[in-house]
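Undergrad: need coordinates for the following:
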Amino acid sequence: MKRSRFSRALPMAFPVALLVMMMVVTSSGVVQAASTIETVKNRGFVLCGVTDRVPGFSLHEADGSWSGFFVDFCRAAGAAVLGNADAVQIESYWLDALEGREVDILHAGSTWTLVRDTTRMIDFPGIYFYDGQGFILHSNLGVKSLKDAMTTKDLKVCAIGPSSTARANLEEFIANTGVTWTLVPIQTMDGMWRAFFGGRCDMAIHDRSALVAVHAGRLDDSDDYVVLPEVISKEPLAPAVRSDDVQWRDLIFWVTMATIAAEDLGVNQDNVDDMLAHSTSPEVRRLLGADPGIGVGFGLSDDWAYQVIKQLGNYGEIFARNLGPKTQFKMSRGLNQLWRDGGLLYAPPVR
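TA: You can find the predicted model right below:
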């Protein structure tokens, strides 16, 4: 029997129509399910995950409050969306909690890697801290440099694993250099510090900035430990969000960029009101919402970046308050300086 042109077209037309319907439904479903900004507005606070017990970056204080560089960027999201930096609930979480929708955003010193970016439902909206992994060790070993450590046999080195970049970096370093070290795998951050300070390991590997912070925080016995000056990897640290909400990803990116742009443009907590009222710079006026436009794409008021800077400060102020020379950590900014000062930080144009 000869089929009509209509019947012959059905096998081709049906899958196409089905695909179009799926795209419409999927697109609509994603928008509704992933509208994190609306969810945060309705909830009244941002759910933010951090890594606990990293002084200067994220530390849970005895009174229940949180402090640190990463914590301030959690609070910046609250300032941007809700106009209130205190509208944030902070808990200690890692990447799996983000994928499981237990938090809206993760500020936990996550390294942006190819595998994490391409195999997990996670996006990294911009680097805000350039770091590298290094070592802390017991000073009674007499080791002062990485070269010294490489010639010391049978060192036991604690590393978090298996998902941490620290363990992978250490395994590659041992394989590439032939050092006679023993890797001691530890499952959690707390477990690693207990193992190292308890003497189970001679050394521990972690982001060098975090090692410096932990070392500085040991006021009673800091002389018993040494942080080596060298690093063995590049660790671009970034906030992390789920990859199903482009608008939320863009907002978190621009929250960071707003703090960097503010520093570059000379806007800070002390002068932000004056700059809002009197600046003639088009970029400053756009950044602070004096000229309309920067809130439209997010469904936010145009003063969202003003709120971040007013309540938290620019990038330099956030760094200085938590990590800088006037803190116990006395960190220099290094690569985390503005581009004009020899660092790697600059923001795309605010226009």
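
Undergrad: next one: stretch 136-147 to chain centre, how far?
TA: Its chain's average C-alpha position is 30 Å from that of stretch 136-147, according to C-alpha atoms, centre = their mean, to the nearest Å.

Undergrad: flag every buried residue along stretch 223-236.
TA: For stretch 223-236, the neighbour count (16 or more other C-beta atoms under 10 Å) marks 225-228, 231-233, 235-236 as buried. From N, CA and C alone the C-beta is placed, and that goes for glycine too.

Undergrad: now do that stretch, average pLDDT.
TA: Stretch 223-236 shows a mean pLDDT of 94 in the predicted model.

Undergrad: circling back: from the buried residues of stretch 223-236, which single one is nearest residue 193?
TA: Nearest to residue 193 among the buried residues of stretch 223-236 is residue 225, at 11.2 Å by C-beta to C-beta.

Undergrad: that closest one is in contact with residue 139, isn't it?
TA: Yes: with contact defined as C-beta atoms under 8 Å, residue 225 reaches residue 139; the gap is 5.8 Å.

Undergrad: can you pull out the helices in the stretch 51-200 of the chain?
TA: For the stretch 51-200 of the chain, helices defined by DSSP state H, counting those that start in this stretch occupy the ranges 69-82, 95-99, 114-119, 146-150, 165-177, 189-197.

Undergrad: the first one packs against which elements?
TA: Contacts defined by 3 or more C-beta pairs under 8 Å, 6 or more residues apart in numbering; DSSP states H and E place helix 69-82 against helix 36-43, strand 46-50, strand 88-92, strand 105-111, helix 246-265, helix 304-312, helix 315-323.

Undergrad: now mean pLDDT, mean neighbour count and distance to residue 175 too, for the ones you listed, in TSV please.
TA: As requested, the helices and strands packed on helix 69-82 are exported to TSV (pLDDT from 0 to 100; neighbours: other C-beta atoms under 10 Å; distance: least, C-beta to C-beta, whole Å):
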stretch	mean pLDDT	mean neighbour count	distance to residue 175
helix 36-43	97	17	41
strand 46-50	96	26	32
strand 88-92	94	18	32
strand 105-111	93	25	20
helix 246-265	98	22	35
helix 304-312	98	24	43
helix 315-323	97	22	33
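
Undergrad: just for the stretch 151-300 of the chain, where's the confidence low?
TA: Counting by pLDDT under 70, the stretch 151-300 of the chain contains low-confidence ranges at 219.

Undergrad: and if we set it to 90?
TA: Across the stretch 151-300 of the chain, the ranges flagged by pLDDT under 90 are 160-165, 187-190, 210, 213-222.

Undergrad: hey, where'd the strands end up in it?
TA: Using DSSP state E, counting those that start in this stretch, the strands of the stretch 151-300 of the chain run over 155-160, 181-186, 203-207, 225-227, 235-242.

Undergrad: out of the ones you listed, which is the most enclosed?
TA: Most buried of the strands of the stretch 151-300 of the chain, by mean neighbour count (mean count of other C-beta atoms under 10 Å): strand 203-207, with a mean of 26.

Undergrad: so what's the gap between that one and the chain middle?
TA: For strand 203-207, the distance to the chain centre is 19 Å (C-alpha atoms, centre = their mean).
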